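Undergrad: One predicted model, sequence on top.
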Amino acid sequence: MPVISRFFGIIIYMLWRDHAPPHFHAKYQNSEVSIENSTGKVTGKMSKRALKMLEEWRKKHVNDLLNDWKLAESKKQLMNIEPLE
């Protein structure tokens with residue numbers, strides 16, 4: 001589970017052998033979601049506050065997320081992405 005960012009107790013990661021479309025996973029407390037990189041579509045449940053932060057972060061890092069997705073597909077080391085401030 002390569003972690004690519006952490007902020008406010010949220011852990012964001014991608015999986016090496018994951019399915020399309022490009023997406024990332026996030027854990028917060030006892031909740032977990034996956035979020036599509038380009039659309040922001042959420043699968044799973046998490047607090048509205050955490051989801052709002054994730055959406056803000058996703059919008060800022062769409063290109064970084066796509067680059068990490070390509071690295072994961074190639075089984076290469078993922079890059080860390082700046083946390084939300």
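TA: That came in fine, so what should we check first?
Undergrad: what about the helices in the chain?
TA: 48-60, 62-73 (DSSP state H).
Undergrad: Compile those helices into TSV and extend it with columns for mean neighbour count, mean pLDDT and distance to Leu15.
TA: Every residue, glycine included, has its C-beta placed from N, CA and C. Output for the helices of the chain, formatted as TSV (neighbours: other C-beta atoms under 10 Å; pLDDT from 0 to 100; distance: least, C-beta to C-beta, whole Å):
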stretch	mean neighbour count	mean pLDDT	distance to Leu15
helix 48-60	15	98	17
helix 62-73	16	95	7
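Undergrad: so which of those helices gets nearest Arg17?
TA: Proximity to Arg17 (C-beta to C-beta) singles out helix 62-73 among those, at 8.3 Å.
Undergrad: Which residue lies closest in space to the most centrally placed residue in the chain, excluding its sequence neighbours?
TA: Centroid-nearest residue in the chain, with C-alpha atoms, centre = their mean: Phe24, separated by 3.4 Å. Closest residue to Phe24 apart from its sequence neighbours, by C-beta to C-beta, 6 or more residues apart in numbering: Met14 at 5.3 Å.
Undergrad: can you pull the contacts of that neighbour?
TA: Contacts for Met14 (C-beta atoms under 8 Å, 6 or more residues apart in numbering) come out as Pro2, Ile4, Phe24, His25, Asp68, Trp69, Ala72, Leu78.
Undergrad: Give me the residues contacting the helix or strand of the chain with the lowest mean pLDDT.
TA: Of all helical and strand segments in the chain, the minimum by mean pLDDT, DSSP states H and E falls on helix 62-73, at a mean of 95. Applying C-beta under 8 Å, 6+ apart, the external contacts of helix 62-73 come out as 2, 4, 14-16, 18, 22-24, 37-38, 58, 77-79, 81.
Undergrad: any idea of the angle it forms with helix 48-60?
TA: Going by axes from the mean of the first three to the mean of the last three C-alpha atoms, to 10 degrees, helix 62-73 is angled at 90 degrees with respect to helix 48-60.
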